[in-house]
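Colleague: quick check, what structure comes out for this input:
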Amino acid sequence: MMITVVILLFCVIAAAIRRMEGSWYSPAALFSLLWAMVIVFSVLSAPDYYFSVPALLFILFNIILFFTGGKLYEIIIYRFNTVRPTAETVEPPLSYKWYLFSGVLAGTVAVFFLIMESGSNFYVFFDLKKLMNLSSTLTEERYYGVRLSGFTMLSLTLAYFASFFSGMNLATRPGSSSRTQLVLLMIPVFAFTMIYTARAVLLFMIFIILASYIAFRPFNLKSKPLLFTRVNIIAGLTGVSLLFLVFFITQAARMQVGNFGLHQAGMLVEHLRVWFSGNVSAFSIWFDTYTLRSLDVTGNNTLAGFFELLGISMRKPGIYEEAVDVSNMMEFSNIYSLFRFLIDDFGVVIACIIVFVTGGIARKLYLDGINKHNIISGALLSGIIATILWSFVASIFAYNSVLFAWISYVIILKLEQRHAIA
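Modeller: Just a heads-up that it's a prediction; the model follows:
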């Protein structure tokens, strides 16, 4: 009964924030909508999993903190510097096509390195059994801590870098050409994911594109930016269906399931249910048993990508290896979510302060973007939105490839902006 009440609270709070913000593209409204959807889906799809009311209320409290931080910034500071919106639109830099081309090329090169370094060749694509054996071998190596080569990671980083431009291009120049370029960018990364079976590779690209699109969509003031349009709903449902298919096939490759009978399909779906619905349950178990302890406040999880980029420390593959039984039926899930990262690094109180401050920063960038058409604000905001979209799993910036891609994206846009002014 209490879980039902909490679910309703998530939905009511999301609707209230949307009403006050005026758009689902607002960072606070998007944050509340995402977590309302995650909580509702998790509970309804896995009623046999454990869900903690205190853990869910903690998440809801942080959503309200994020919104409050943004609202206070707007009330106290931004109203004194408001610029009247204009009907202008933001255009991506003229060189964006070269960035997209480099992303397609880089994704293809990443697939090449992955296959060649595994001792195989491209003929593996024409032999399903060899392809599944290769996928199984690469999966096992990944679980044992074997990392991708530097060349492969650099190639993926360039593909992520291009993804930021792809989302920006789609938002500011919607049309068949932008959609075609996006599909071409995703094809090699899709192939990489199917072989390597690390779904995060494809998910990172999808969330980066979505984050950049959401950050820049309100820039186009010629039409009111609505999220739940017919086109967006159809695209979303199609994307979710294809994504589930990717998860299904990669899971089959991991488990070396060759025959897809009813029993095998049910087994695969049950395994995937843990990934899709188990994160909130695992966080619930962890939150209920969490005890205060000494903290070094280093951010080793939340900022793992920064630290690895600077050579301070190396991020462990998977970051969190601990898993819990979410249903008392030997169904194990890792304990993820952005909130776990923040609490582990900074403790409950500081974690809440960070969420509050980030809400203010996100609101500033959002308002600067739509009112002043500050392209750098849009680029910076895309990083925060990417974090929001990935928050049900972890901090997206714990992965140095995404981090480096985002930093490069912001720097390149800044340089392009200065060159245009000059």
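
Colleague: now whatever helix or strand L60 lives in: buried residues?
Modeller: Taking DSSP states H and E as the criterion, L60 maps to helix 53-76. If you call a residue buried by 16 or more other CB atoms under 10 Å, then helix 53-76 has these buried ones: 55-56, 58-60, 62-67, 69-71, 73-74. Heads up, the C-betas are built off the backbone N, CA and C, glycines and all.

Colleague: let's test this: mean pLDDT of the host helix or strand of F113, rounded?
Modeller: Applying DSSP H and E as the criterion places F113 in helix 96-117. Averaging pLDDT along helix 96-117 yields 89.

Colleague: check stretch 227-242 too.
Modeller: Averaging pLDDT along stretch 227-242 gives 79.

Colleague: kindly report the same for stretch 26-43.
Modeller: For stretch 26-43, the mean confidence score works out to 94.

Colleague: buried sites along it?
Modeller: 26-36, 38-39, 42-43.

Colleague: and stretch 114-124, by the same measure?
Modeller: 114-115, 118, 120, 124.

Colleague: could these be laid out in CSV, adding distance to N279?
Modeller: Formatted as CSV, the buried residues of stretch 114-124 follow (distance: CB to CB, whole Å):
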residue, distance to N279
L114, 27
I115, 31
S118, 30
S120, 33
V124, 33
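
Colleague: all helices of this protein, in order?
Modeller: 2-21, 27-45, 53-76, 96-117, 128-143, 150-172, 176-196, 199-216, 230-254, 262-289, 304-310, 338-372, 375-389, 400-421 (DSSP state H).

Colleague: other SSEs contacting the fifth one?
Modeller: Based on contacts counted as 3 or more CB pairs under 8 Å, 6 or more residues apart in numbering; DSSP states H and E, the elements that helix 128-143 packs against are helix 176-196, helix 230-254.

Colleague: out of those, nearest to K97?
Modeller: Closest of those to K97 is helix 176-196, at 7.8 Å (criterion: CB to CB).

Colleague: flag every buried residue along that closest one.
Modeller: 178, 181-182, 185-186, 188-196.

Colleague: which residues sit in contact with L148?
Modeller: Residues in contact with L148 (CB atoms under 8 Å, 6 or more residues apart in numbering) are 114, 156.

Colleague: so for stretch 191-202, what's the average pLDDT?
Modeller: 84.

Colleague: can you give me the first-to-last residue distance of that stretch?
Modeller: End-to-end distance of stretch 191-202 (CA to CA, to the nearest Å): 9 Å.

Colleague: next one: that stretch to chain centre, how far?
Modeller: Stretch 191-202 has its C-alpha centroid displaced from the chain centroid by 15 Å (CA atoms, centre = their mean, to the nearest Å).

Colleague: burial count for L245?
Modeller: Using other CB atoms under 10 Å, L245 is surrounded by 10 other residues.

Colleague: rewinding a little: TSV for the helices of the chain, including distance to S327?
Modeller: Formatted as TSV, those follow (distance: least, CB to CB, whole Å):
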stretch	distance to S327
helix 2-21	15
helix 27-45	12
helix 53-76	16
helix 96-117	35
helix 128-143	23
helix 150-172	34
helix 176-196	28
helix 199-216	22
helix 230-254	18
helix 262-289	8
helix 304-310	29
helix 338-372	19
helix 375-389	27
helix 400-421	32
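
Colleague: lowest mean pLDDT across those, which one is that?
Modeller: Mean pLDDT values for these show the minimum at helix 304-310, a mean of 66.

Colleague: pretty sure S281 sits against E331.
Modeller: No. Counting by CB atoms under 8 Å, S281 sits too far from E331 to count as a contact (9.2 Å).

Colleague: next, show the common contact partners of those two.
Modeller: Y49.

Colleague: what about these two, which has more around it?
Modeller: S281 (26 against 20).

Colleague: ok, the more buried one - contacts?
Modeller: Neighbours of S281 in contact, by CB under 8 Å, 6+ apart: 42, 46, 49-51, 326-327, 333.

Colleague: just the residues you listed now: which is nearest T387?
Modeller: Nearest member of the contacts of S281 to T387, counting by CB to CB, is S42, at 19.7 Å.

Colleague: ok, now which ones touch that closest one?
Modeller: So S42 contacts 49, 51, 276-281 (CB under 8 Å, 6+ apart).

Colleague: how close does it get to A191?
Modeller: Here S42 is placed at a distance of 30 Å from A191 (CB to CB, to the nearest Å).

Colleague: try S23
Modeller: For S23, the distance to A191 - CB to CB - is 36 Å.

Colleague: one more: V240?
Modeller: In terms of CB to CB, V240 sits 20 Å off from A191.

Colleague: next one: F341
Modeller: Distance from F341 to A191, counting by CB to CB: 30 Å.

Colleague: equivalent analysis for I209, please.
Modeller: Taking CB to CB, one finds I209 at 17 Å from A191.

Colleague: just to revisit the earlier point, the helix holding L60 - contacts with which helices or strands?
Modeller: When contacts are defined as 3+ CB pairs under 8 Å, 6+ apart, helix 53-76 packs onto helix 2-21, helix 27-45, helix 262-289, helix 338-372.

Colleague: and the ones you listed: which comes nearest S166?
Modeller: Of all these, helix 338-372 comes closest under CB to CB, at 18.1 Å.

Colleague: buried residues, that closest one. List them.
Modeller: Buried-residue list, helix 338-372, by 16+ other CB under 10 Å: 338-347, 351-352, 354-356, 358-371.

Colleague: and it, how far out from the chain's middle?
Modeller: Centroid separation for helix 338-372 versus its chain: 16 Å, with CA atoms, centre = their mean.

Colleague: for stretch 374-383, same thing?
Modeller: Distance, stretch centre to chain centre, for stretch 374-383: 16 Å (CA atoms, centre = their mean).

Colleague: with stretch 149-156 instead?
Modeller: Centroid separation between stretch 149-156 and its chain, computed with CA atoms, centre = their mean, is 20 Å.

Colleague: just use 51 as the starting number from now, easier for me
Modeller: Happy to do that; since the first residue is 51 now, the last one works out to stretch 199-206.

Colleague: using PDB, list the CA coordinates for that stretch.
Modeller: Listed next in PDB are the C-alpha coordinates belonging to stretch 199-206 (Å, rounded to 0.1, in the frame of the first residue of the first chain):
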ATOM      1  CA  SER A 199      42.900  -1.100 -26.300                       C
ATOM      2  CA  GLY A 200      43.700   2.600 -26.300                       C
ATOM      3  CA  PHE A 201      43.000   2.800 -30.000                       C
ATOM      4  CA  THR A 202      39.600   1.300 -29.600                       C
ATOM      5  CA  MET A 203      38.700   3.500 -26.700                       C
ATOM      6  CA  LEU A 204      39.900   6.600 -28.600                       C
ATOM      7  CA  SER A 205      37.700   5.600 -31.600                       C
ATOM      8  CA  LEU A 206      34.700   5.200 -29.300                       C
END
